[in-house]
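K.L.:
I need the structure of the sequence given here:
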Amino acid sequence: MTLLAVTPTSQIKIGCCSANTHLVGEDATLLACLKAIENKSTAKAETIIAQVVMRPMAKTFCRPAAEFVQHLNTSGLSFVKNPRLSLVEQ
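P.N.:
Sure thing, here's the model as predicted:
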């Protein structure tokens, strides 16, 4: 999250309301990146996150994100199982 704060190519808004069933663009991008990491598609994850952070920082972002995904998986949480969320076009 720190990398998202200091390397974005534009202003990023990440929602944190658990009652909200809609995603804004950056939320969907971040979740897609984490899902790609979980699927062992690191190159795809780097391409996805490069949409919102400076391209040279994409690999740097994905390294700790992979550890985050691993910890979530250990806790029984997964990005592969599609949650009931929808993308809100702005």
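
K.L.:
from here on, contacts and neighbour counts on C-alpha atoms
P.N.:
OK.

K.L.:
Can you say which helix or strand has Gln70 in it?
P.N.:
helix 58-74 (DSSP states H and E).

K.L.:
What segments of the chain are helices?
P.N.:
Ranges of helices within the chain are 2-6, 25-38, 42-49, 58-74, based on DSSP state H.

K.L.:
Out of those, the one nearest Val80 is which?
P.N.:
Comparison of the helices of the chain against Val80 by C-alpha to C-alpha identifies helix 25-38 as nearest, at 5.9 Å.

K.L.:
tell me the angle of the closest one relative to helix 58-74?
P.N.:
If you take axes from the mean of the first three to the mean of the last three C-alpha atoms, to 10 degrees, helix 25-38 sits at 70 degrees to helix 58-74.

K.L.:
now helix 25-38 and helix 42-49, what's the angle there?
P.N.:
Using the same axes, to 10 degrees: helix 25-38 against helix 42-49 is 170 degrees.
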